[in-house]
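**Student:** Have a look at this prediction, sequence included:
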Amino acid sequence: DGIQQCKDANEVLYFYGPAAVLDMALNAEDVQIKGAINAGQIPFYDPTLVPRIKTMIPTLDKVTGGLFEGAVTVFVGSSGSGKSSLADQIAIAALVQNYPVFIYSGEFGEGRLTSWMNLQCAGSEYITLKYDPIREEVIPYLPYQVDERIKKWYDGKLWIYNNEEKSAVTEGDSILLVATSLIRKYAVKLVIIDNLMTAVGDREEEFAAQKEFSNKCKMLAKKYGVCVILVCHARKTAAGAPLTKNDVAGSSAMVNISDVALSIQPNQIEVIKNRDTGVLKKITFCYAPDSRR
């Protein structure tokens, strides 16, 4: 124990003699340098076997390879462009693949959110019409029995953030705390934050908070091997101008930390960042108003 308190070999020699120095040299252990990885010891990496969640949009999966575990995907688009509809549809795709999902929605309560998702789950085949006396027209309507079947399917697999209960000082930390608890207890694999601005704000003085929150989302994804989707608003641009990765409202950190970034526009999804392959592509689609797909 006394030798361990010596600061160098000279002190060992002075206090304990040459034999102690020789013993230390013969029994010295290699000390690993923290923060560095020996490349020769890295396990074999097979990109075809990396766990992923399919979006079930064939062209999108072909271009991006799906949602990789430990990765962050950013959706950017103007209000009403379909960001939330796409996020919800991908959430359902994850559930179909037996991956539990957690959704934070800063714009809709759990009733409104699930009613829209239920239409997506059911599809046109099970959707009927019902007269709305305020609108004075018929609207897509899901019968009670179908709604109940879908909720039974959700049970224990789909989790929605409770906007009425805050588990931490800030909304962002509260969301991440709930997400972490669900990941640990229920093996949640997909976390959707819809949207970032309602989670941490979008005023100039809050850019630092957005950057911090984005980095925490990235760390959450990597630590637990989950997929994270961040839904963001776009800055105001010229009418008809295509959105780029520079058009995300607020801090640029969201796109910087993302592995994939998608620009969502009416009838078009554009892959504007693709860290894995670099392939960028515009994907046209049709929108079904009744089922919100």
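**Tutor:** Sure, I can see it. Everything numeric in this text was worked out from a predicted model, so none of it was measured.
**Student:** where's residue 118, which helix or strand?
**Tutor:** Assigned by DSSP states H and E, residue 118 belongs to helix 110-122.
**Student:** got it, and residue 221?
**Tutor:** Under the criterion of DSSP H and E, residue 221 resides in helix 207-224.
**Student:** Now that helix: buried residues?
**Tutor:** By neighbour count on 16 or more other CB atoms under 10 Å, the buried set for helix 207-224 is 207, 209-214, 216-218, 220-221, 224. C-beta coordinates here come from the backbone N, C-alpha and C atoms, glycine included.
**Student:** got a list of what the residue lying closest to residue 132 once chain neighbours are set aside touches?
**Tutor:** Closest residue to residue 132 apart from its sequence neighbours, by CB to CB, 6 or more residues apart in numbering: residue 139 at 4.9 Å. Under the criterion of CB atoms under 8 Å, 6 or more residues apart in numbering, the neighbours of residue 139 are 129-130, 132.
**Student:** Restricted to strands, list those.
**Tutor:** Of these, the ones assigned to strands by DSSP state E are 129-130, 132.
**Student:** for the helix or strand of the chain with the lowest mean pLDDT, packing partners?
**Tutor:** Every helix and strand of the chain was ranked by mean pLDDT, DSSP states H and E. The lowest is helix 196-200, at a mean of 78. Helices and strands touching helix 196-200, by 3 or more CB pairs under 8 Å, 6 or more residues apart in numbering; DSSP states H and E, are helix 171-186, helix 207-224, strand 227-233.
**Student:** for the ones you listed, which one sits closest to residue 19?
**Tutor:** Among the helices and strands packed on helix 196-200, helix 207-224 comes nearest to residue 19, with 48.1 Å by CB to CB.
**Student:** the inter-axis angle of that closest one versus strand 227-233?
**Tutor:** Orientation check (axes from the mean of the first three to the mean of the last three CA atoms, to 10 degrees): helix 207-224 against strand 227-233 gives 160 degrees.
**Student:** residues in contact with helix 207-224?
**Tutor:** With CB under 8 Å, 6+ apart as the criterion, helix 207-224 contacts 69-72, 170, 172, 176, 179-180, 183-184, 191, 193, 196, 199-202, 226-228, 230, 250-251, 253-254, 256-257.
**Student:** Quick check on those: which are buried?
**Tutor:** Buried residues within these, counting neighbours by 16+ other CB under 10 Å: 69-72, 172, 176, 179-180, 183, 191, 193, 196, 199-202, 226-228, 230, 250-251, 253-254, 256-257.
**Student:** Who are the contact partners of the spatially most central residue of the chain?
**Tutor:** In the chain, the residue lying closest to the centroid (CA atoms, centre = their mean) is residue 228, at 0.9 Å. When contacts are counted by CB under 8 Å, 6+ apart, residue 228 touches 71-73, 190-193, 217-218, 220-221.
**Student:** Look at residue 240 and report its pLDDT.
**Tutor:** Note for residue 240: predicted pLDDT of 55.
**Student:** Please disregard the earlier target; I meant residue 47.
**Tutor:** On the pLDDT scale, residue 47 is placed at 86.
**Student:** when you give positions from now on, start the count at 36
**Tutor:** Sounds good: first residue 36 from here, last item residue 82.
**Student:** Would you list the phi and psi of it?
**Tutor:** Per-residue torsions, residue 82: phi -60, psi -20 (degrees, to the nearest 10).
**Student:** Same check on residue 203?
**Tutor:** According to degrees, to the nearest 10, residue 203 has phi -150, psi 180.
**Student:** any idea how far it is from residue 302?
**Tutor:** Counting by CB to CB, to the nearest Å, the separation of residue 203 from residue 302 is 39 Å.
**Student:** hmm, back to that, for the contacts of residue 263, which one is nearest residue 124?
**Tutor:** Of the contacts of residue 263, the one sitting nearest to residue 124 (CB to CB) turns out to be residue 227, at 11.0 Å.
**Student:** so that closest one bridges to which residues?
**Tutor:** Per DSSP bridges, the residues bridged to residue 227 are residue 138, residue 264.
**Student:** I'd like to know how far it sits from residue 193.
**Tutor:** Counting by CB to CB, the gap from residue 227 to residue 193 is 11 Å.
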